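Trainee: I'd like to go over a predicted model; first the sequence, then the structure.
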Amino acid sequence: DKSSVESEDSMSVASASNSDSNSEASQNQPHTSTTFLEIIHHPHSNQQTEFIFRDLPIPPPSEDCSRPQSNSTGKPWAPFRTRSDFEFAELVVQSAMKGSTVKRLLKGIRHDWTEPGSTKITFQNKVDFQKSMAAARKFNTQFQEASISATFEGIKKTFDFHFRDPWKWLLHLVTDPTLASSIIYYPVKKILHENGTSTHLYDEINSGQTWWDIQDQMPYLPDLPHCFLPLHLWMDKGKVSTTSNMHPILLRAGFLPQAIRNGSGNGGGVIIGYMPKVIDPSDPEDRTATEKTVFGLFKREVYHKILKKIFHSLELQSQEGEAVKCGDEIHRVLFPGIAVHSLDGEEAYATCAAQGASADYPCPRCLIHKSQLHHLTGNFPFRTSREMQKVYKKAIAARTKAEAEEVLKKKGLHKVLNAFWSIANSDPYHASSYDLLHADDLGKWGKHLFVLLKEVLGSMKKKGDYSQNMDKIPRWPGLKHFSSITTLEFSDGQSYFDALKCVLPCIVQLFPLDSPLIHCIRAYSCFRMLAGLHAMTEIQLERMLKYLEKYQYCCSKLETMYGKDFNFPKQHAPAHLYYDITHKGATNNYTTRVGEGFQQEVQQAYLQTNFKNVEAQMTRIDEDQEAIASIRMAVDAYDLELQSQIEEGTESQYSRKRKKQQQSQGHWRLGSQQKGTTTQKLMTTFQDKPAFRNFLKNLIGYLRETFSEDIIDGTPLKITPYRCLYIHYKSQEDWNICQDIIRCSPSFHGQPRYDCIIINTEPVTYARICFLFTCHLDLSTSHDMALIQLLRPTKWRPKTSWETCQVYGEQDYRFLLLKYIVHACHMIPAFGSKEGLYYLNDLIDADMFLRCGN
């Protein structure tokens, strides 16, 4: 065994909003590491380049690195009279209580259930409660009503909707002192230097080229900073309910870190409005192709008139800027722009006013012909606002309707005035972004490759074998277990992604030698894993493109073998992925998956209404939720501040010593403690288990070899068993600290569960944990240990092997100190081979994928 994982090299990756402490350390301390991150700040920021070295310790987690800080000096629960009033209101809002329930509760609390004056809740009745909630709603940007009209088939139709003013909402964020330290006003370039090579690194939106290029165009005045503030638009045409005809429009602040903008409360994303659904007054199946195009044009017209109304307040500010005194007391001229879109396919066509998937030029982002959609690599002419406006004007100026339609057909465009054309730095074709959820999990894999796989297995009469193998996949935290995968229909992308992670070991022996379908799924899997990285280097991007080329080649083989047609828009979507990552950061910035929680909240809000005039009720419910979430953050920050003041005033020498001991304990923690025993009793209990043969003798031998000959005298030792192990490790994906929960239990939810681990050796070793325990040598000396079964590489290979395919076999039992465990790993039985062989599942997560050399 090599050195403990405690001495593993560490590197802290800082964002543009990091505190100066890390920067100061990087400048004043000597460094010997060959790996470091260079952060180049935009020249307008007047900040010096930072160097973050691998030999610097990881900064301890702090409360102020990801969430707003307390700015309250009095009562953060205002406008509620007491904290009890606020907490009662919070319970009402979060529990989605009906008004009648609130009325009954207050009557009971004030009169029926308690003595007069014995409650701290001051609400007298439901009306009193509603007054406080109305006051709380005013602390955030509230909804307003609006309407637009459009004519279809000679009939003028009016559409009413609710929306928040995006500029007022943005001003609320930038002037909030509690958010001031978190706001990112300038872009950066991140360069990873490793072993003499340098590569760009992309993670947050501010690390992409788009923000940098736009900031280059801003005037530079040292005493009055001019800053571009990117906004992130999210729309997904999911159903609020089967009877509701609208869906939410979300807006996020791209100038706030992900931890804040993707959360709830102050700084989190907000529902900026609701998009009404345009319903065809006739039966769509009765319409001709021309009539369908006309109705499609009408829908786009309504869509963009609504967006024009919602985002009207951004138009002038995006072009000329507005001077604002920000929350940090600095005056800046701010230029908002919608730089990132997270959209499903239909919404992407709508925002770009494109004709759709059946058009001759169906891609909303480029001008590729529909017959070439199977091409994933190559140069395709980008759509731009300038070029599409020319097309629109040419169609308007056409002398005949036929001439106009021909002009639009050649570009796959509707004759619609796009709402985003009037907002500076908001090109909808460039802002439209790659969506892992719809393009991959619910697209290329879920709706195409997975369907093809089941069809081929069905023709081979092997669907049952595949289903049985999937049912035997070992459990893993967060991984969905499938008991009958071939008969289930999934509506969520995560289920498809989980199936992809485990599919190859379950099917590889069911197919002939060197199967093209196996190679295709493997190439696609590798592309999907790299595309989903939260921090992507230029080197990894190039590797992703190679997997994409291989996937495209394999698809051509499948087209010949099975007649599968790969000419569909989502197959072509990865052609724009390189651009998106280099210009807008990693894909987790713009996947629609992040907004799925909002869909659930909206559906819950709908169920709270009386199902009449639902939009007005739902906007009020959303305002309640926003108000409560903001106040809760202020209350929590207030509590933390008070607690820190108390601790600073009362911290004793003992508590400081105890804190130091906790910090030096290591990267592991045992859980689910069992009743203490001795080695003699243990061997009696498990005498029929091969792992426990000669348990005491082997344990004593390991302890003497590891520590010293005279550490023990050979008498039975006291043992404290455990069934759970928490391991903390630094992720290879983004260098953040992660936690694995490792189970070692004869009955976990009714099933035996003995997880596998990676051991810090050179090269690394894999093993299964058979027993977790603390060995007590005396009253003051103990060691956290595990009894493991080693898993060694074997020469056995499946019918169709792939790069980094690793198969391991069960070997002898050993003891191990827990400090040598790196983290957990997922081993899948090698179905169709002899018992005791396992594939190392390198697709289980991004960290494992990278550790395996992909």
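Mentor: Received, thanks.
Trainee: where does pLDDT dip in the stretch 701-850 of the chain?
Mentor: Per-residue confidence for the stretch 701-850 of the chain (pLDDT under 70) gives these ranges: 709-714.
Trainee: check the stretch 151-300 of the chain too.
Mentor: In the stretch 151-300 of the chain, residues with pLDDT under 70: 238-244.
Trainee: tell me where the longest helix sits in the chain.
Mentor: In the chain, taking DSSP state H as the definition, the longest helix is helix 614-650.
Trainee: pull out the buried positions in that one.
Mentor: For helix 614-650, the neighbour count (16 or more other C-beta atoms under 10 Å) marks 614-615, 617-635, 637-638, 641 as buried. Any C-beta I mention is one placed from the backbone N, CA and C, and that applies to glycine too.
Trainee: again, but for stretch 758-778
Mentor: 758-760, 765-776.
Trainee: what is the most widely separated pair among these?
Mentor: Distance extremes for those: the farthest pair is Tyr766 and His776 at 28.7 Å, using C-beta to C-beta.
Trainee: who are the packing partners of the strand or helix carrying Cys506?
Mentor: Using DSSP states H and E, Cys506 falls within helix 493-507. Contacts defined by 3 or more C-beta pairs under 8 Å, 6 or more residues apart in numbering; DSSP states H and E place helix 493-507 against helix 450-459, helix 463-471, helix 516-531, strand 827-829.
Trainee: so which of those is the most surrounded?
Mentor: Ranked by mean neighbour count, those are led by helix 516-531 with a mean of 23 (mean count of other C-beta atoms under 10 Å).
Trainee: please save the CA atoms from that one in CSV.
Mentor: What follows is helix 516-531 as a C-alpha-only set of coordinates in CSV (Å, rounded to 0.1, in the frame of the first residue of the first chain):
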residue,chain,number,x,y,z
PRO,A,516,-21.9,-2.9,-34.0
LEU,A,517,-24.8,-2.1,-31.7
ILE,A,518,-22.6,-2.7,-28.6
HIS,A,519,-19.9,-0.4,-30.1
CYS,A,520,-22.5,2.3,-30.9
ILE,A,521,-23.9,2.3,-27.4
ARG,A,522,-20.4,2.4,-25.8
ALA,A,523,-19.3,5.3,-28.0
TYR,A,524,-22.6,7.2,-27.3
SER,A,525,-22.2,6.5,-23.5
CYS,A,526,-18.7,8.0,-23.5
PHE,A,527,-19.9,11.0,-25.4
ARG,A,528,-22.8,11.4,-22.9
MET,A,529,-20.5,11.2,-19.9
LEU,A,530,-18.1,13.8,-21.2
ALA,A,531,-20.8,16.1,-22.4
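Trainee: what element comes up after it heading to the C-terminus?
Mentor: Counting by DSSP H and E, what follows helix 516-531 is strand 536-537.
Trainee: could you list every helix and strand in contact with that following strand?
Mentor: Counting by 3+ C-beta pairs under 8 Å, 6+ apart, strand 536-537 packs on strand 197-202.
Trainee: just checking: what are the partner strands of the strand it packs on?
Mentor: Strands that pair with strand 197-202, judged by DSSP bridges, come out as strand 188-194 (antiparallel), strand 536-537 (antiparallel).
Trainee: quick check: what element follows the last one along the chain?
Mentor: Where DSSP H and E defines the elements, the next helix or strand beyond strand 536-537 is helix 538-562.
Trainee: and that next one with strand 188-194, angle?
Mentor: On the basis of axes from the mean of the first three to the mean of the last three C-alpha atoms, to 10 degrees, helix 538-562 is oriented at 90 degrees to strand 188-194.
Trainee: and helix 538-562, which residues are buried?
Mentor: 538, 540-541, 544-545, 547-548, 550-552, 554-555, 558.
Trainee: before we move on, back to that, so what's the model's average confidence on the longest helix of the chain?
Mentor: Averaged across helix 614-650, pLDDT comes to 85.
Trainee: stretch 462-472 now?
Mentor: 97.
Trainee: ok, and what's touching that stretch?
Mentor: Taking contacts as C-beta atoms under 8 Å, 6 or more residues apart in numbering, the residues outside stretch 462-472 that touch it are 454, 457, 481-487, 499, 502-503, 505-507, 510, 829, 831.
Trainee: stretch 689-706 now?
Mentor: In contact with stretch 689-706 (C-beta under 8 Å, 6+ apart) are residues 679-680, 682-683, 686, 711-712, 714, 716-717, 770-771, 775, 777, 783, 787, 789, 813-815, 817.
Trainee: out of those, which end up buried?
Mentor: Neighbour-count burial (16+ other C-beta under 10 Å) applied to the contacts of stretch 689-706 gives 679, 682-683, 712, 717, 770-771, 775, 783, 787, 789, 813-815, 817.
Trainee: name the SS class of Asp223, please.
Mentor: coil (DSSP: H, G, I helix; E, B strand; the rest coil).
Trainee: kindly report the same for the one 10 residues further on.
Mentor: Secondary structure for Leu233, judged by three-state DSSP, is strand.
Trainee: residues near Ile757, how many?
Mentor: Ile757 sits with 27 neighbouring residues when counted by other C-beta atoms under 10 Å.
Trainee: that'll do, ta.
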